[in-house]
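Novice: Fold the following for me, if possible:
(chains A and B)
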Protein chains: 2
Amino acid sequence: MSDPGAHVALLTDLYQLTMAAGYFEAGKSADRATFELYVRRLPPHRNFILAAGLAQAVDYLLNLHFSAEEIAYVRSLPQFARASSAFFDMLPHLRFTGDLFAVPEGTPLFPGEPFLTVRAPIIEAQLPETYLLATVGFQSLIATKAARLVKAAGGRSVVEFGTRRAHSPEAGTLGARAAYIGGCIGTSNTATGFRYGVPVFGTAAHSWVMSFPHERAAFVELQKLLGEQTVYLVDTYDTLEGTREAAALGRPLWGVRLDSGNLEQLSFKARRILDDAGLSDAKIFATGDLNEHKIHELMAARAPIDAFGVGTDLATSADAPALGVIYKMVEIECGGTRRFTTKLSEEKHTLPGAKQIFRFPDHDVIGLATECISCDRPDVEALQRPVILNGRLVEPLPSAAQARERAAASLARLPAPCHSLFEAKNPWRVELSPELTKLDQRVLREVTL
Amino acid sequence: MSDPGAHVALLTDLYQLTMAAGYFEAGKSADRATFELYVRRLPPHRNFILAAGLAQAVDYLLNLHFSAEEIAYVRSLPQFARASSAFFDMLPHLRFTGDLFAVPEGTPLFPGEPFLTVRAPIIEAQLPETYLLATVGFQSLIATKAARLVKAAGGRSVVEFGTRRAHSPEAGTLGARAAYIGGCIGTSNTATGFRYGVPVFGTAAHSWVMSFPHERAAFVELQKLLGEQTVYLVDTYDTLEGTREAAALGRPLWGVRLDSGNLEQLSFKARRILDDAGLSDAKIFATGDLNEHKIHELMAARAPIDAFGVGTDLATSADAPALGVIYKMVEIECGGTRRFTTKLSEEKHTLPGAKQIFRFPDHDVIGLATECISCDRPDVEALQRPVILNGRLVEPLPSAAQARERAAASLARLPAPCHSLFEAKNPWRVELSPELTKLDQRVLREVTL
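Specialist: Residues are numbered from 1 along each chain as shown, chains lettered A, B, ... in the order given. Down below sits the predicted model:
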């Protein structure tokens, strides 16, 4: 699971493979295509989407190759009955030899702005579509959800706790990485810590308490093991009784965890019990079906909670569980001639041409990749950067921690409406450059002729 | 990715590992614990949950082990500063040596009914919690969603198309397997075909059409490659114009694919175009943001659609993206003494004791695993079966295709209210056996004393 290069060449929609065969048979293998990955609109209640998942997309592209077993499987499919032997002879040698341009992880984006741009021989550009969409789309969804939770917590810590409810263990591991990029202080998923250097948290579950005949014995043993890291889970039998047991044991401890019931009321009562026992430095950690709105309410009520653990809602982005990421061809070069491509179908028009995003202090301009729009101004950032050129990584990618720092800094620069937990009116202005608009009109005329 | 035994020992919540150390240090390693995995309530609008994911859970248990690298990482964490060397010396030898009982994949279940039961030395039973929940919970969620879509399609085929919007590529691959178990005829995900023998479908995307200067050339080349498997994607520029192009090319073809616009109106018009061209055997495949309610409407309108492709909504179970699976300790044996365990916290009571589910033709009885409730009757099935005993697989697991057959047969036996797309009143009766009720009351008295 930790080697994304192994056995993932087939992790793509079958039509990518039939098209690969088709491009090959039609003599188009040398055509260079440019694809862009973006969203047409934001998920409900969101005013930005935080880009994440690039590191795994890059791993995939750098390791893409077909094993003999995989090729034999493709060959056995009825859809490939008419494909030539030459196609199957080519497959073992197929690698990604093209270019990848992308915005760094931790960059907030808006509709129409490409997360990444792939330019490669058409087969190499087409095959990765499915994997890239699922990787970047999912992690961006979770990073965005995390940013909402962290905003609602107003400075209190948020920990990701949701692998058990994630869409597979692997989704939990990658989602926890994305949640960290989005601003969580860490995760309960140990694999995410091991693989990506993300801080990990956790002490004991109800089963720990239940495995001892009495709660007190469970707490005593936990304290022996964890010392000042001890967090007592106090609600197995009765939250306030459990808190009194914890308070009676006293130091060393980090604090108590409330996991059910009315967290607002319980947190005030638990705080009082701890304070009365002289443990005013002991902290309160709250968990249990939390989301950004519940955290917002607890904060508004000034509930004495020091940290929040969020599981299901974060790991699945429950209120908006899908991101409409798409991967569209915008240019194709064939024998030295470049053609710009577009799609006209209802409500699904795509803008032709490879693009760049120019971020100004108060708005964005989407222009052509060949344009330089105020790019000499120090306060304007061209967000897309070269990541892979001719199949080789340009420079090491930022770590998850660095992506998290970029996210925090970038989000801090966005105006208040972007941070609303509900859909805001025009939270951020995104313009098209005159050159891009002109190209779009020209291509539309050509295609509809 | 295809080897779930590799590097997944850390794919668990950190507290499972701290508890493991705690059990070890507290001298409880030899205690045998029994855990059950189940849901307290069904997701919204569901009247059953279709069990799936057992095969991956079994793979995980049979391959569980820690590498030296993983152990070194755990040892480096602050939470393990006080753990003994003996604990870290034990970890390389840790394997799952216990028992797993489970209902076969493709079995519909109801709240409180265990998907699986793990009985093992406490560390081996505790560690797998996170992985088992994420595996069984996610696949059951998707299998259930698929069953709804297949029901709505009333005999027309449904194909899973959603990997690109799934929560990671791996989630797409496992979700497609679950969708097949739930009744889809196959998937677009080639890895799911390769790994699990699930039929794969797909022909070409918009980029195929856009890579040619004209739509007609794209169709001609596709037909050359695919012959009678050809499905023309007709909406890149204009759906009905595209359909006329396809009809003009004629045989061989399977049919056309409509991917945007008003599918009801377009399907009637496309059918007319195909029929007028003498292609009454050509089929119509509809895709584009479909879900069970839209399919139900199209079927009610008698839209001439032969097959549906469902992506985002299926791959993410979008209307109910999380399943509240839990894993609770129900018994513990320590030095020859068995103790039944329960959790009392608000609204989260758990029933003590290892259980069996007895399925009668018109209701279920949840009893103790040691009970035999009408189990001599040929029309009563004890749903939980031994899968792993003493760390060894009892017999080969059914294939995905066999699980799909079981699902179809089991679902056909459920009464109509269970198949409603909305929450039904008492769709299926689930009783507790008198023995189980008695045990619960006894344990409650003991714990609250």
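Novice: For burial, what's the neighbour tally of the residue in the stretch 301-449 of chain A that chain B sits nearest to?
Specialist: Closest contact between the stretch 301-449 of chain A and chain B, by C-beta to the nearest C-beta, is at residue A:321 (3.6 Å). Yep, even glycine has a C-beta here, placed from its N, CA and C like the rest. Neighbour count for residue A:321, taken as other C-beta atoms under 10 Å in any protein chain shown: 24.
Novice: ok, longest strand in chain A?
Specialist: Longest strand in chain A, counting residues (DSSP state E): strand A:325-334.
Novice: Just give the strands next to that strand in its sheet, each with its orientation.
Specialist: Sheet partners assigned to strand A:325-334 using DSSP bridges are listed as strand A:32-39 (antiparallel), strand A:337-340 (antiparallel).
Novice: wait, what's in contact with the residue positioned nearest the centre of chain A?
Specialist: Centroid-nearest residue in chain A: residue A:139, 1.7 Å away (criterion: C-alpha atoms, centre = their mean). Counting by C-beta atoms under 8 Å, 6 or more residues apart in numbering or on different chains, residue A:139 makes contact with A:52, A:53, A:56, A:174, A:175, A:177, A:178, A:181, B:168.
Novice: where exactly do the helices run in the stretch 51-200 of chain A?
Specialist: A:54-63, A:68-75, A:85-90, A:122-126, A:129-152, A:169-181, A:190-196 (DSSP state H, counting those that start in this stretch).
Novice: and the ones you listed, which is most packed in?
Specialist: The highest mean neighbour count among the helices of the stretch 51-200 of chain A, using mean count of other C-beta atoms under 10 Å in any protein chain shown, belongs to helix A:169-181: a mean of 32.
Novice: Below-threshold pLDDT in chain A: ranges please.
Specialist: A:1-6, A:345-347, A:449 (pLDDT under 70).
Novice: per-domain residue ranges of it.
Specialist: With domains defined by automatic domain parsing, chain A comprises A:14-141+A:321-448, A:145-315.
Novice: still on that earlier bit, which of the contacts of residue A:139 lies closest to residue B:238?
Specialist: Closest approach to residue B:238 among the contacts of residue A:139 (C-beta to C-beta): residue A:53, at 34.6 Å.
Novice: Was I right to think the closest one contacts residue A:174?
Specialist: Yes - proximity of residue A:53 to residue A:174 meets the contact threshold set by C-beta atoms under 8 Å, at 7.4 Å.
Novice: what residues do those two have in common as contacts?
Specialist: With C-beta under 8 Å, 6+ apart as the test, residue A:53 and residue A:174 both reach A:135, A:138, A:139.
Novice: ok, these vs residue B:327, which is closest?
Specialist: Nearest to residue B:327 among the shared contacts of residue A:53 and residue A:174, with distances taken as C-beta to C-beta, is residue A:138, at 24.4 Å.
Novice: Next up, the contacts around that closest one.
Specialist: Contacts of residue A:138 (C-beta under 8 Å, 6+ apart): A:53, A:171, A:174, A:175, A:178, A:323, B:166, B:167, B:168, B:171.
Novice: next one: residue A:224
Specialist: Contacts of residue A:224 (C-beta under 8 Å, 6+ apart): B:25, B:82.
Novice: So it versus residue B:33, what's the distance?
Specialist: Plainly put, residue A:224 is 20 Å away from residue B:33 if you go by C-beta to C-beta, to the nearest Å.
Novice: quick one: which of the contacts of residue A:138 is nearest residue A:363?
Specialist: So of those, ranked by how close each gets to residue A:363 (C-beta to C-beta), first place is residue A:323, at 23.0 Å.
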